[in-house]
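Trainee: Predicted model follows, preceded by the sequence.
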Amino acid sequence: MYRIAAEPGHARVSDPHMPGVTEHVVLSAGRALVGVAGEPVELGPGDYICYPGDIPHVFEALESQTLAVLVSEHT
């Protein structure tokens, strides 16, 4: 489980994790593009997304003081 605090201007692009990893993100504040690289979804406060973590993925803040919780599920 991770707490993410992000500012606009720098996308966090992650390499694939081990096969079978799923990431769950709940946005707490701000706005962000989150999910599979090349196909991220815009999230606002209270929004949730689940995506495969075993392919490249991204988190990019669109507003100052963007906060989120990420849970990495390993099966």
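Mentor: Sure, I can see it. What you see is a predicted model; the values in this text were computed from it and never measured. Numbering: from 1, shown residues only.

Trainee: Residues contacting the helix or strand bottoming out on mean pLDDT in the chain, please?
Mentor: Here the helix or strand of the chain ranked lowest by mean pLDDT, DSSP states H and E is strand 12-14, holding a mean of 94. Contacts with strand 12-14, where a contact means CB atoms under 8 Å, 6 or more residues apart in numbering, come from 6, 37, 53, 56-60. For the C-beta atoms, the positions are set from N, CA and C on the backbone; glycine is no exception.

Trainee: what comes up buried for the helix or strand following that strand?
Mentor: Note on strand 12-14: by DSSP states H and E, the next helix or strand toward the C-terminus is strand 22-29. Neighbour counts over strand 22-29 (16 or more other CB atoms under 10 Å) mark 23, 25, 27 as buried.

Trainee: How about stretch 57-71?
Mentor: Buried residues in stretch 57-71, counted by 16+ other CB under 10 Å: 57-61, 66-68.

Trainee: Alright, that wraps it up for me.
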